[in-house]
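Trainee: got a sequence here, can you model it:
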Amino acid sequence: MKSIFTNEYEILLRRLIAARKAAGMTQQELAGRLGKPQSFVSKYERRERRLDVVEFVMVCRTLDVDACSIVQEIEDRPFPGAGSKAKVV
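Mentor: Numbers count the residues shown, from 1 in each chain. Sure thing, here's the model as predicted:
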């Protein structure tokens, strides 16, 4: 299964879209602040392309959203077939 169709990626997108709207930004305005074309935002919001981790952090910073809180929300979800979580010390 492609990662853009997982429940976890859905959480990520919902949070980013909600943050953009809460900031009162259009896709065009966000894209301009990122130095990207409007289609960049449109395509990741519609799951036509996947954000890599660096792009994800850039979008979060631009929207003044804590990237770690989104990752933590995903991390807290049980993954099918996963064993116990490994803790990083």
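Trainee: and V54, how many neighbours?
Mentor: 8 (other CB atoms under 10 Å). Bear in mind the C-beta positions are built from the backbone N, C-alpha and C, glycine included.
Trainee: return the distance of it relative to L13.
Mentor: For V54, the distance to L13 equals 17 Å [CB to CB, to the nearest Å].
Trainee: where does this structure have low pLDDT?
Mentor: 1-3, 79-89 (pLDDT under 70).
Trainee: spatially central residue in it, please.
Mentor: Central residue of the chain (CA atoms, centre = their mean): L12, 3.8 Å from the mean position.
Trainee: who are the contact partners of that one?
Mentor: 51, 56, 70, 74 (CB atoms under 8 Å, 6 or more residues apart in numbering).
Trainee: number of nearby residues for the last one?
Mentor: Okay, so that is I74. 17.
Trainee: can you check the second one too?
Mentor: One way to gauge burial is a neighbour count; for F56, by other CB under 10 Å, it gives 17.
Trainee: what's the distance between the closest residue to E8 other than its chain neighbours and R15?
Mentor: Of all residues not flanking E8 in the chain, I74 sits nearest, at 4.7 Å (CB to CB, 6 or more residues apart in numbering). I74 sits 9 Å away from R15, going by CB to CB.
Trainee: same question, V41
Mentor: From V41 to R15 the distance is 14 Å (CB to CB).
Trainee: neighbour count: those two, which is higher?
Mentor: Applying other CB under 10 Å to V41 and R15 shows that V41 carries more neighbours, namely 23 against 19.
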